[in-house]
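**Q** next input, structure requested:
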Amino acid sequence: MADKKRIALLGSTGSIGKQVLEVAEQLPDLLQVEVLAAYSNASLLIEQAIKFKPNVAVIVKDDLYEQVKEALWNYDIKVFAGEQALNDVVEMDCVDMVVSAIVGIAGLKPIYKAIEARKQIALANKETLVVAGDLMTQTAYENGVNIYPIDSEHSAIFQSLAGEFHNPIERIIITASGGPFRGKTADFLRTVTKAQALKHPNWSMGHKITIDSATLMNKGLEVIEAKWLFNTPLDKIEVVIHPQSIVHSLVEFQDGSIKAQLGLPDMKLPIQYALTYPYRCGNRLPRLHFSEHPHLTFEAPDLETFPCLNLAYRASRGGGCMPCVLNAANEMAVALFLHDKIGFYDIPRIIEDALTHADYSNPSSVDDYLAIDQDIKQTVLQSIK
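**A** Numbers count the residues shown, from 1 in each chain. I've put the predicted structure just below:
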């Protein structure tokens, strides 16, 4: 077994971050938490830091610095604050792997800095590759950095490719539960509430990703991410609705053989695989029993009722700034929906409008992407006002 892996966890207080710590707690001989970073949940960050005793704790919101510093004063834990601190801690010598569990584009710059510092990456933040996949993968290649996926779908693809990296891929098939509105009509979706949209049938996730699942944008983002993670053309990546969420994704090879990874809908399994690869470690996670899941079904996505998936394909085909525009418009539209400012069906309308009117030169740096992101979000906000 390999030496203990020292990790920096960005987004430790979110849904994925908390599960990463659950995995780390079960594997103390393999994983050492060196850095914990959170945006604004100071009380939980303090609790996590006291329990895991990292070298460093980062609170991004500056005005919470004194609260965290005072609480950790007697624990020999260094405390930093601000966005720049995220970019600095990922470069520390005591870190082997950076785990990105930050939601949205906020994860872009620290992960880029981590790649430049030649840290291995465990990625739950899909927006990093959606927005700047070309830049990120090229920089990772130049620095000899591996990007290990934490998303259940991309982990399934990664696991299905084990031992097959020399064999050409004919198709990647990404499964989707269909979210809470599978089978519903457009008329129904025009009147749905935030509470309805947040009731995912299978997964317990943060609010943003749950809304993305309801619109099927989450699958669109995963398609773009898979394109970069597995160096696969867009026309070889498909989405299929699988309501039971047992088959997490599939890979078809040129001989027609299909490999899939199956398991219960529990994020701790793909998290553990990313953190401990290439080893499979024993755990106490619940096991899949087929007698309890006798019916596994598959169907094509309804692209007319759920247009966000097609919008993601459109943006990816457009290349350049378009995936960044897609992501920014979606982030802002979802935030507006969660704050009861727009309706559910306004989300794809806002995204399509942003893609149609986007006019930017091709971005070539992280700052270029961040500038486009901010401009699109301001434009969307002004259009609503």
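**Q** which SS class is Arg6?
**A** Classification of Arg6 into helix, strand or coil gives strand, according to DSSP: H, G, I helix; E, B strand; the rest coil.
**Q** surely it is in contact with Val95?
**A** Yes - at 5.7 Å, Arg6 counts as touching Val95 under the criterion of CB atoms under 8 Å. Placement of C-beta: from N, CA and C, glycine included.
**Q** overlap in contacts, these two.
**A** Taking CB atoms under 8 Å, 6 or more residues apart in numbering as the contact criterion, the residues that touch both Arg6 and Val95 are Glu34.
**Q** neighbour count winner among these two?
**A** In this view Arg6 and Val95 are compared by other CB atoms under 10 Å, and Val95 has more residues nearby, 22 against 19.
**Q** okay, that one: pLDDT?
**A** Val95 is assigned 97 on the pLDDT scale.
**Q** buried stuff in the lengthiest helix in the chain?
**A** Taking residue count as the measure and DSSP state H as the definition, the longest helix of the chain comes out as helix 366-384. When burial is assessed from 16 or more other CB atoms under 10 Å, helix 366-384 yields the following buried residues: Val366, Asp368, Tyr369, Leu370, Ile372, Asp373, Ile376, Lys377, Thr379, Val380.
**Q** do stretch 56-74 as well
**A** Along stretch 56-74, these residues count as buried under the neighbour rule (16+ other CB under 10 Å): 56-61, 64-65, 67-69, 71-72.
**Q** quick one: furthest residue from the center of this structure?
**A** When each C-alpha in the chain is compared with the mean C-alpha position (CA atoms, centre = their mean), Asn74 comes out farthest, at 34.6 Å.
**Q** mind checking the SS state of it?
**A** helix.
**Q** gap between stretch 38-58 and the chain center?
**A** 21 Å (CA atoms, centre = their mean, to the nearest Å).
**Q** what is the end-to-end distance of that stretch?
**A** Length of stretch 38-58, first residue to last, CA to CA, to the nearest Å: 6 Å.
**Q** what about that stretch, average pLDDT?
**A** What stretch 38-58 shows for mean pLDDT is 97.
**Q** and the gap between the residue farthest from the centre of the chain and Ile50?
**A** As for Asn74, its distance to Ile50 is 10 Å (criterion: CB to CB, to the nearest Å).
**Q** where does the closest residue in space to Asp266 that isn't next to it in sequence land on pLDDT?
**A** Leaving aside its sequence neighbours, Asp266 sits nearest to Leu285 (CB to CB, 6 or more residues apart in numbering; 6.0 Å). Confidence per residue is given as pLDDT, and for Leu285 that number is 92.
**Q** Leu285 touches Lys268, doesn't it?
**A** Yes - using CB under 8 Å, Leu285 makes contact with Lys268 at a distance of 5.9 Å.
**Q** which one's more surrounded, these two?
**A** It is Lys268, of Leu285 and Lys268, that has more neighbours when counted by other CB under 10 Å, with 18 against 14.
**Q** now do the contacts for the more buried one.
**A** By CB under 8 Å, 6+ apart, the contact list for Lys268 reads Gln19, Glu22, Val23, Asn283, Leu285.
**Q** got a winner among those residues for most neighbours?
**A** Highest neighbour count within the contacts of Lys268: Val23, with 24 neighbours (other CB under 10 Å).
**Q** and it, how far is that from Gln272?
**A** Spatial separation of Val23 from Gln272 under the definition CB to CB is 5 Å.
**Q** before we move on, what about Pro233?
**A** Spatial separation of Pro233 from Gln272 under the definition CB to CB is 30 Å.
**Q** now do Ile157
**A** If you measure Ile157 against Gln272 using CB to CB, the figure is 17 Å.
**Q** sec struct for Ala37, please.
**A** Reduced to three states with three-state DSSP, the structure at Ala37 is strand.
**Q** just checking, it touches Lys61?
**A** No - here Ala37 lies out of contact with Lys61, judged by CB under 8 Å, at a distance of 11.4 Å.
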